[in-house]
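*Asks:* One predicted model, sequence on top.
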Amino acid sequence: MKALLFAFCLLLCGQIALAQDTETKPATQAIFIELGGPGLPYSFNYDFRFDKTKMDSWGMRLGFGGYALEGDSFFSLPVMVNKLYGKGNHFFEMGFGATFLAFKNEVYDYNNCYTDQNGNYICNPISSSNSGTSFILDIDGSPSVMGVMNFGYRRVPTDGGFMWKVNVNPIFNNNGFWPLFAGVGLGYSF
């Protein structure tokens, strides 16, 4: 009888240990594209949790975004620390960080344009300096930095898959504060 009880206990302990090994780990990493948000016009991002066993923990986000159009270019690099609060698939996201940015803009004097001997319409830039630009707030020069905060909702499946998020992202620099900038992100968590 003692041998049978001992064998049953061993079998039970083995099943408990096996059940713990097959338990799914939370999706603590994500890649996503975001329109608006800390990357300013748009950005591609990687987000991860410092504690790989808990989704509702501190984490970090790194991204890049930008564009290039006829003499104008813009590059952004958002870097943020964030914390998720919640259970299951639903989380409140709160974070802060900085967006490093660089740009090149050429200002044209359209009153001083002409047609050359081949019939091409030409407008020369007044200057090619990066003396400043504006994206929601005035930006003094390139490279520059903007402070960014993040408050929003993130939906993440517990075992990974399609994720989405909606955020309000107040931005600030030495020229002011804009509290109502927002972002929407879609991606994949794993």
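*Replies:* Good, I have the coordinates. Just so you know, these numbers come straight off a predicted model, no measurement behind them.

*Asks:* what's the neighbour count on residue 178?
*Replies:* 15 (other C-beta atoms under 10 Å). In short, each C-beta sits where N, CA and C put it, glycine included.

*Asks:* Just grab the bridge partners of it for me.
*Replies:* residue 171 (DSSP bridges).

*Asks:* Start from the N-terminal end of this structure and give the helices.
*Replies:* Taking DSSP state H, the helices of the chain run over residues 2-22.

*Asks:* Which residue comes closest to the one residue sitting closest to the centre of it once chain neighbours are left out?
*Replies:* Nearest to the geometric centre of the chain sits residue 45, at 4.5 Å (C-alpha atoms, centre = their mean). Using C-beta to C-beta, 6 or more residues apart in numbering and skipping the chain neighbours, the partner closest in space to residue 45 is residue 63 (3.6 Å).

*Asks:* go on, residue 116?
*Replies:* Residue 116 sits nearest to residue 122 (C-beta to C-beta, 6+ apart), 5.8 Å away.

*Asks:* Give the bridge partners for that neighbour, please.
*Replies:* Going by DSSP bridges, residue 122 forms beta bridges with residue 114.
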